[in-house]
Structure formats: structure tokens, C-alpha cells
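In: can't give you the sequence, but here's the structure:
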């Protein structure tokens, strides 16, 4: 199993409607030099999803800040197969829903904040190791 990091931040996940403009407060984060643990905008024909680190000073309702994030240690080789499957199987057995985001180097798995301890225990029981 690969090593995991539980990021200390709380994250938000927001869904925008089809055709809805992406607000400047999100677009400005793409070019920001402020480093955040994770920020993602994903768009398809049906929706746009925005994921980011929650900040109480930002213009994001706290009701969206309901996620914690586990980072799978990377960089991972593109030829590596079954990582998400291996990771999510013990979570499925424990009844923990996930929201996955993949990047070139690694995978980030968002877990509902109220399920994070159950998720950690299920992953550790399955042989995964947390570095933090």
C-alpha cells in the first residue's frame, strides 16, 4: 500500500449549474501565488465542480465546508493500476462515501468530515499507513 497524508484543512465542494459562469472568487485562485493544499475546477456539459480549502474569511458558506482530504503519496507512475480501487474498497465496506480528484502526480480523496475517523480506521485495518 502507498502512504497517506490526512490534510489538516477542511475543504468545500460546490456544484455550479450547466452554463453558470464560474465566479471570479474561484477563477482568481487559479493564478494566485498563495499555496493551498488543493484547489480544483472541473467542468463538463452537465456541471462545474469547484473544490478548495475552506477559509472562514472567504465568501463561501460554511455549509459547503464539510470535507476532509486524504492525499495518496506521490508522484505515482502512470502505469500503476488499481490505486483508487484498492483505496476505496475498505471505505466501501465501512460505509464511507468518497469524492476523488486525480492529478498528474497523485490522487486526493475527499471524505465527509463526520466520517474521517471511520475512514482512517478502515484504511489502517486494510494496511494503509498515514504519515501525518
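Out: Alright, I've got the coordinates. Computed from a predicted model, the values in this text were never measured in an experiment.

In: give me the neighbour count for the nearest residue in space to residue 129 that is not next to it in sequence.
Out: Using C-beta to C-beta, 6 or more residues apart in numbering and skipping the chain neighbours, the partner closest in space to residue 129 is residue 3 (5.2 Å). C-beta: built from backbone N, CA, C; applies to glycine. Residue 3 has 13 neighbouring residues, counting by other C-beta atoms under 10 Å.

In: per-residue pLDDT, residue 3?
Out: If you check residue 3, the pLDDT there is 87.

In: tell me the contacts of it?
Out: Residue 3 sits next to 72, 73, 128, 129, 130, 131 when contact means C-beta atoms under 8 Å, 6 or more residues apart in numbering.

In: residue 47 reaches residue 15, doesn't it?
Out: Yes - the criterion here is C-beta atoms under 8 Å, and residue 47 meets it with residue 15 at 5.5 Å.

In: and residue 118, which of the three is it?
Out: Three-state assignment for residue 118 (DSSP: H, G, I helix; E, B strand; the rest coil): helix.

In: quick one, what contacts it?
Out: By C-beta under 8 Å, 6+ apart, residue 118 lies in contact with 94, 95, 96.

In: repeat for residue 125
Out: Counting by C-beta under 8 Å, 6+ apart, residue 125 touches residue 90.

In: quick check: it vs residue 6, distance?
Out: Distance from residue 125 to residue 6, counting by C-beta to C-beta, to the nearest Å: 16 Å.

In: okay, and the helix or strand of this protein with the least pLDDT?
Out: helix 24-30 (a mean of 82; mean pLDDT, DSSP states H and E).

In: who touches the strand or helix carrying residue 70?
Out: For residue 70, the element it lies in under DSSP states H and E is strand 67-72. By C-beta under 8 Å, 6+ apart, the residues outside strand 67-72 that reach it are 2-7, 9-13, 37-38, 51, 83, 87, 99, 106-113, 116, 119, 123.

In: so what strands line up beside it?
Out: According to DSSP bridges, strand 67-72 forms sheet pairs with strand 3-16 (antiparallel), strand 107-112 (antiparallel).
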